[in-house]
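Trainee: 3D, please:
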Amino acid sequence: MSVLKDVRIVELESIGPGPMAAMLLSQMGAEVIRIGRPGASLPPVDQDILSRGRPLIQLDLKNGVDLKRARALIDKADVLIEGYRPGVCERLGIGPDECLRRNPRLIYGRMTGWGQTGPLARTAGHDINYLAISGALHAIGTGERPVAPLNLVGDFGGGALYLAFGIACALFERSRSGKGQVVDAAIVDGTASMLSLFYGLIASGEWVEQRASNLLDGGSPVYDVYLTSDARHVAVGCLEAQFYDEMISILGIRDSVPPPGEHLAAAHRGTLRQALAGAFRKRSRDEWASVFEGTDACVSPVLSMVEAARHSHNRARETLKAVDGSMVPQPAPRFSRTHASEKPARLEDVLSSWNVQLDEPAPSDSDRTD
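Mentor: As a prediction, the model looks like this:
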């Protein structure tokens, strides 16, 4: 049995964090129907990994008949996920007040960058903008400039994961109250929440705002990446004394670096970084990977995404699997009793399971609501 068996979700098609959250919930067993715009260009199924496992129905929400069809689905749903700008769903007639009036148990998940309120709420933005005002972007990068960490931290970390978490919490609360509610998931809020540790370090005086100057931002030589002889890289993360001791022993540089216990001191950073850089340049990335594999030295090869799929650990856990000709990350996390899975569903089967009939006559121009 799946974790979210019998949970029904309507997803209003969007980009980025909305589909990611819906994919996560679908992988946990929820039945999800995506509503997309008619005529929208769609990538091939084997390439659209974020939309896998969820049937699509194309509805024009400005059309009266299609709007009724969408409402019929929402009336049967446990959860609605939408990623439009604030006010759009209200104008379409499927805002939270209307939907909760018709379906009081509905969890209405709203995914935006800025949130439903605030001076920026109705303005455009992307992941990099949300990171910028949360403080995250300033902290990530080199000493010379911030660097956007793909859209992992904002869209998917601060956005999709917090939306999915909020929906799961709201479903749990509904099991006691019997009432639905709105989940206002803003990427800027989630990203700020993810910075909790670092705001704590600022409060305690253990964090400076200059990039590449702190323990976890590349400022410390024992938490950084190093160039190898083949112009690739290894990642070093030996913060603890015993792990550092093992690393310098394997590298054979014990006599030229600070002893364990002094390896985190700012005064030794220059000497230690120079010694580590010189040592790692003597062999290739894969040679170092072989030397350090199975040790507690906390040294790992920096792999590309294609290479990651071939790594022995990822293969053993089937972290990534070939599906329809593409390498696809598998559901996470894993459960001991229930299970997560990605099983494609046909729209007809899901509609039958929901007991929803959408076979109304084709809409005419007079049915348009705009």
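Trainee: Tell me where the stretch 151-300 of the chain has helices.
Mentor: Counting by DSSP state H, counting those that start in this stretch, residue ranges of the helices within the stretch 151-300 of the chain are 162-177, 187-194, 196-203, 241-251, 269-280, 285-292.
Trainee: Next, the angle helix 187-194 makes with the longest one.
Mentor: Yep, that's helix 162-177 we're talking about. Relative orientation of helix 162-177 and helix 187-194, computed by axes from the mean of the first three to the mean of the last three C-alpha atoms, to 10 degrees: 90 degrees.
Trainee: got the buried residues for helix 162-177?
Mentor: Residues of helix 162-177 classed as buried: 162-164, 166-168, 170-171, 174 (neighbour count, 16 or more other C-beta atoms under 10 Å). In this view, the C-beta of every residue, glycine as well, is placed from N, C-alpha and C.
Trainee: what does the fourth one give?
Mentor: Buried residues in helix 241-251, defined by neighbour count with 16+ other C-beta under 10 Å: 243-248, 250-251.
Trainee: Then the third one?
Mentor: Of the residues in helix 196-203, those with enough neighbours to count as buried (16+ other C-beta under 10 Å) are 198, 201.
Trainee: who's in contact with that helix?
Mentor: Helix 196-203 is contacted from outside by 135, 139, 207, 214, using C-beta atoms under 8 Å, 6 or more residues apart in numbering.
Trainee: wouldn't Gly18 be in contact with Ile81 here?
Mentor: Yes - counting by C-beta atoms under 8 Å, Ile81 is a contact partner of Gly18 at 5.7 Å.
Trainee: Name the residues contacting each of those two.
Mentor: Common neighbours of Gly18 and Ile81 (C-beta under 8 Å, 6+ apart) are 11-12, 111, 163.
Trainee: could those go into a markdown table alongside secondary structure?
Mentor: Output for the shared contacts of Gly18 and Ile81, formatted as a markdown table (DSSP: H, G, I helix; E, B strand; the rest coil):
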| residue | secondary structure |
| --- | --- |
| Glu11 | strand |
| Leu12 | strand |
| Met111 | strand |
| Leu163 | helix |
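Trainee: Which pair of the residues you listed spans the longest distance?
Mentor: Maximum pairwise distance in the shared contacts of Gly18 and Ile81, criterion C-beta to C-beta, is 12.9 Å, between Leu12 and Leu163.
Trainee: shared neighbours, the two?
Mentor: In contact with both Leu12 and Leu163: 18, 81, using C-beta under 8 Å, 6+ apart.
Trainee: Work out which residue lies at the spatial centre of this structure.
Mentor: Phe156 (2.7 Å; C-alpha atoms, centre = their mean).
Trainee: still on that earlier bit, can you tell which of the helices of the stretch 151-300 of the chain is closest to Arg334?
Mentor: Of all those, helix 162-177 comes closest under C-beta to C-beta, at 16.0 Å.
Trainee: Please save the CA atoms from the closest one in CSV.
Mentor: The C-alpha trace of helix 162-177 is given here as CSV (Å, rounded to 0.1, in the frame of the first residue of the first chain):
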residue,chain,number,x,y,z
TYR,A,162,7.6,23.2,1.4
LEU,A,163,4.4,23.0,-0.6
ALA,A,164,4.4,19.2,-0.4
PHE,A,165,5.2,19.4,3.3
GLY,A,166,2.4,21.9,3.9
ILE,A,167,-0.1,19.8,2.0
ALA,A,168,0.8,16.7,4.0
CYS,A,169,0.4,18.7,7.2
ALA,A,170,-2.9,20.1,6.2
LEU,A,171,-4.1,16.6,5.2
PHE,A,172,-3.1,15.3,8.6
GLU,A,173,-4.9,18.2,10.4
ARG,A,174,-8.0,17.6,8.3
SER,A,175,-8.1,14.0,9.6
ARG,A,176,-8.9,15.5,13.0
SER,A,177,-10.9,18.6,12.1
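Trainee: just how off-centre is that helix within its chain?
Mentor: Distance of helix 162-177 from the chain centroid (C-alpha atoms, centre = their mean, to the nearest Å) equals 18 Å.
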